[in-house]
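> What would the 3D arrangement of this be:
(chains A and B)
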Number of protein chains: 2
Amino acid sequence: MTDGTSSYDVVGLGNAIVDVLSEAEDTLLQRLDLAKGTMTLVDETRMNSLYGSMAAAIESSGGSAANTLAAVAGLGGDAAYIGKVQSDQLGEIFRHDIRATGVSFETEPLKEGPATARCLVFVTPDAQRTMATYLGACVELGPDDVDEAVIKGSKITYMEGYLWDRPKAKEAFLKAARVAHDAGRQVALSLSDPFCVDRWRTEFLDLIDGHVDIVIANEAEIMSLYQVDDFDKAVGEVALHCSLAALTRSDKGSVIVTPESRHVIPAAPVSKVVDTTGAGDLYAAGLLYGLTHNMPLPEAGTLAGLVAAEVLTRYGARIDHSLVPLVEQARAA
Amino acid sequence: MTDGTSSYDVVGLGNAIVDVLSEAEDTLLQRLDLAKGTMTLVDETRMNSLYGSMAAAIESSGGSAANTLAAVAGLGGDAAYIGKVQSDQLGEIFRHDIRATGVSFETEPLKEGPATARCLVFVTPDAQRTMATYLGACVELGPDDVDEAVIKGSKITYMEGYLWDRPKAKEAFLKAARVAHDAGRQVALSLSDPFCVDRWRTEFLDLIDGHVDIVIANEAEIMSLYQVDDFDKAVGEVALHCSLAALTRSDKGSVIVTPESRHVIPAAPVSKVVDTTGAGDLYAAGLLYGLTHNMPLPEAGTLAGLVAAEVLTRYGARIDHSLVPLVEQARAA
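Numbers count the residues shown, from 1 in each chain, chains lettered A, B, ... in the order given. Sure, this is the predicted structure:
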């Protein structure tokens, strides 16, 4: 739902990925040597081998920031996305799905080279998801893909920590942050997962100090970032280094932290958790929508929790109906 | 779950298709000029145009006979499938999924030419599905793809009426029927959909007389075949032309007809119908499993109804867990 003037609430940069979801028993994860609940990067050979051991699956567009932007659009926000696919069938699927949700997506696809990225998602009976990602075409996302007009025209530029795994994407990230700040805009970062934080701790700390206004993370990620064993210590640390942090704690809800304030937001009730895929991504969507629509912080946090709860009750990380009623629900809460 | 000796309960021939499912309002179907509840064949241009109007979707392996065979395997039966895909990403997905359910699938994929077939499935709020199918690589399925050893080694050779839409597939069908009968095996035909029956009525009548032992159809299809306006008249007709017919009637259950007997099978209870995609395919699976496992006809019909009910409560035409408990339930009924 863009107005054709490159003016958006949120633009997101991320790895453009098609998810391949199937149910799996814990014993399969052990046999495949996958660490439960985490995301592992794999090469094409390992991906094919894991896929060969996977049950019959369903495919749906994914990618952490892409899931977030699709939900920002579902909430009625103006959203754009920057990410790299190949000119192949999965790339077509990715492009179709994100555009169909109303997100502007104009990044030029590759014409040759690696295939569109895939994430094998193993959902265990406890609703946890364990992921193996083949980045494929995503490794070619670079500074040239960062459309300066879109970044300048967006209230918030949102980036997933996963981008840090590839040198060219990292350059794209830094360019986008610079362009956004030069235009007086804000930059938000999701820490993505605890292993990603482990891989890039020192760089993430510098990044947050120098280039990031808003940090979104879960409890494990923020504690890993500051290498503390206590959530409150992590809250104290993060408050010194950014203008806003939103920290999620599963069924304990979330905490929104600024240098001046802390807001504890209870978790939204969930009837039955089916699959945790996308919960963090959709929390981010609610928060970013709230921040770009003048919601007070507790209201933005409530909306974030409601959107996250919505995705927990279903299989996959995209929601195919309008999320607008949740905005009303958050305002009324 | 094959034993490596080309010995199967059921081998199926069909159009190997990847389904692209999304929710849709009735107004969208009207705008796209799609006849609700039916399957329309479309060319690549029309498929792309329809896809452009479709909401964000999920992809899952489909194909009428392929869905049936996957469920035969899910029930614990030995199953094989013959169908044509391209060597592309969707073809890989199709091959992975059917093999992952335990079905033997060895048909050589195309190396060039049309892409793997896609079926755009629009699911309306009343749980009905409206389909537009681009046959793609399926049009190249021909007699050379019919593995005689597999047909000879299978108790029943099962074919979908949809095959009749393409000349080469029709030849493959007739070859498979001849090989099966020469080996003293049975041939089953699903009438697929009322429009398919309309397109091929005269040929289907000849086919059933000359080459088919078991007919599987729903009420609309069998009444269309015999051009009668009364279900009982259709039952009387079909009993004259095959050794067994299984006729489904949605919430009125099904009727199993032989020249000597009629068995009325009540519908299995369904909590909430989410999506009717695959209900006919899965009814066929239960029936074929029962017929190849010495079940009395009423018990086979009960199992067929239970398997169909299972798929009605979920989105899509494949079931990702074991169906073995339904066999016990049918035996105990």
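
> Pretty sure A:Ala100 sits against B:Leu28.
No: checked against CB atoms under 8 Å, the pair A:Ala100 and B:Leu28 is beyond contact range at 11.8 Å. In short, each C-beta sits where N, CA and C put it, glycine included.

> longest helix in chain A, by residue count?
helix A:194-211 (DSSP state H).

> Of all residues in the stretch 101-250 of chain A, which one is closest to chain B?
Nearest residue of the stretch 101-250 of chain A to chain B, counting by CB to the nearest CB: A:Thr101, 5.2 Å away.

> for the residue lying closest to that residue once chain neighbours are set aside, what are its contacts?
In this structure, A:Thr101 finds its nearest non-sequential neighbour in A:Ala70, 4.3 Å apart by CB to CB, 6 or more residues apart in numbering or on different chains. Taking CB atoms under 8 Å, 6 or more residues apart in numbering or on different chains, we find A:Ala70 in contact with A:61, A:79, A:97-98, A:101, A:103, A:285, A:318-319, B:56.

> what's the closest of the residues you listed to B:Asn218?
Of all the contacts of A:Ala70, B:Asn218 sits closest to B:Ala56, with 30.6 Å by CB to CB.

> what about the closest one, distance to B:Leu50?
According to CB to CB, to the nearest Å, B:Ala56 stands 14 Å off from B:Leu50.

> Give me the nearest residue to A:Val42, chain neighbours excluded.
Per CB to CB, 6+ apart, closest to A:Val42 is A:Ala132, 4.8 Å.

> Now for the one you found, how many residues are close by?
Residues lying near A:Ala132 (other CB atoms under 10 Å in any protein chain shown) number 23.

> what does the one 5 residues further on give?
Taking other CB under 10 Å as the criterion, the count of residues near A:Ala137 is 25.

> and chain A, which residues reach chain B?
Counting by CB under 8 Å from any CB of the partner chain, chain A comes close to chain B at A:22-23, A:51-52, A:54-61, A:70, A:88-90, A:93, A:96-98, A:100-101, A:115-116, A:316, A:318, A:320-321.

> Return the subset of the residues you listed lying in helices.
Short answer: the residues of chain A next to chain B in helices (DSSP H) are A:51-52, A:70, A:89-90, A:93, A:96-98, A:100.

> Please pick the buried ones from those.
For those, a burial check counting by 16 or more other CB atoms under 10 Å in any protein chain shown picks out A:51, A:70, A:89-90, A:93, A:96-98, A:100.

> Would you format those as TSV with pLDDT included?
Output for those, formatted as TSV (pLDDT from 0 to 100):
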residue	pLDDT
A:Tyr51	98
A:Ala70	96
A:Gln89	97
A:Leu90	98
A:Ile93	98
A:His96	98
A:Asp97	97
A:Ile98	97
A:Ala100	96
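
> what residues are up against the residue of the stretch 101-250 of chain A closest to chain B?
By CB under 8 Å, 6+ apart, the contact list for A:Thr101 reads A:70, A:73-74, A:318, B:55-56.

> Tell me the secondary structure at the closest residue to A:Thr40 other than its chain neighbours.
Closest residue in space to A:Thr40, ignoring its immediate chain neighbours: A:Ala132 at 5.1 Å, by CB to CB, 6+ apart. Taking DSSP: H, G, I helix; E, B strand; the rest coil as the rule, one finds A:Ala132 in the strand state.

> if I pick A:Ala132, what's in contact with it?
A:34, A:39-42, A:46-47, A:50, A:119-120, A:122.

> Quick check: bridge partners of the closest residue to A:Val72 other than its chain neighbours?
What sits nearest to A:Val72 in space, not counting adjacent residues and going by CB to CB, 6+ apart, is A:Ala79, at 4.3 Å. With DSSP bridges as the criterion, A:Ala79 is bridged to A:Val10.

> For A:Ala79, the count of nearby residues, please.
32.

> All the helices of the stretch 101-250 of chain A, in order from the start?
Listed in chain order, the helices found in the stretch 101-250 of chain A under DSSP state H, counting those that start in this stretch are A:148-152, A:167-182, A:194-211, A:219-225, A:231-239.

> As a markdown table, these with mean pLDDT and mean neighbour count would be great.
Listed next are the helices of the stretch 101-250 of chain A as a markdown table, based on pLDDT from 0 to 100; neighbours: other CB atoms under 10 Å in any protein chain shown:
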| stretch | mean pLDDT | mean neighbour count |
| --- | --- | --- |
| helix A:148-152 | 97 | 18 |
| helix A:167-182 | 95 | 20 |
| helix A:194-211 | 92 | 16 |
| helix A:219-225 | 95 | 22 |
| helix A:231-239 | 96 | 17 |
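
> want to try TSV for those, with distance to A:Ser6 as columns?
TSV is the format used below for the helices of the stretch 101-250 of chain A (distance: least, CB to CB, whole Å):
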stretch	distance to A:Ser6
helix A:148-152	5
helix A:167-182	12
helix A:194-211	22
helix A:219-225	32
helix A:231-239	32
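
> just so I know, which of the ones you listed lies nearest A:Asn15?
Among these, helix A:167-182 sits nearest to A:Asn15 (CB to CB), with 7.6 Å.

> which residues touch that closest one?
Helix A:167-182 is contacted by residues A:11, A:13, A:15, A:82, A:138-143, A:145-146, A:148, A:151-152, A:154, A:157, A:159, A:163-164, A:186-187, A:211-212 when judged by CB under 8 Å, 6+ apart.

> which of those residues count as buried?
Here, 16+ other CB under 10 Å leaves A:11, A:13, A:15, A:82, A:138-142, A:145-146, A:151-152, A:154, A:157, A:159, A:163-164, A:186-187, A:211-212 buried among those.

> Endpoint to endpoint, stretch A:208-227 covers what distance?
Using CA to CA, to the nearest Å, one end of stretch A:208-227 lies 15 Å from the other.

> Can you give the distance of it from its chain's centre?
14 Å (CA atoms, centre = their mean, to the nearest Å).

> The residue nearest to A:Ala308 when sequence neighbours are not counted and B:Tyr162, how far apart?
Taking CB to CB, 6+ apart, and ignoring the residues beside it in sequence, A:Ala308 has A:Tyr283 as its nearest neighbour in space, at 4.1 Å. As judged by CB to CB, A:Tyr283 and B:Tyr162 stand 44 Å apart.

> Report the buried residues of stretch A:38-51.
Applying 16+ other CB under 10 Å to stretch A:38-51 flags A:38-42, A:47, A:50-51 as buried.

> go on, stretch A:110-118?
Buried residues in stretch A:110-118 (16+ other CB under 10 Å): A:110, A:114-118.

> Strands - which of these land there?
A:117-118 (DSSP state E).

> Redo the buried residues of stretch A:110-118 as a markdown table? Include pLDDT.
Below are these laid out as a markdown table (pLDDT from 0 to 100):
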| residue | pLDDT |
| --- | --- |
| A:Leu110 | 98 |
| A:Pro114 | 97 |
| A:Ala115 | 98 |
| A:Thr116 | 98 |
| A:Ala117 | 98 |
| A:Arg118 | 97 |
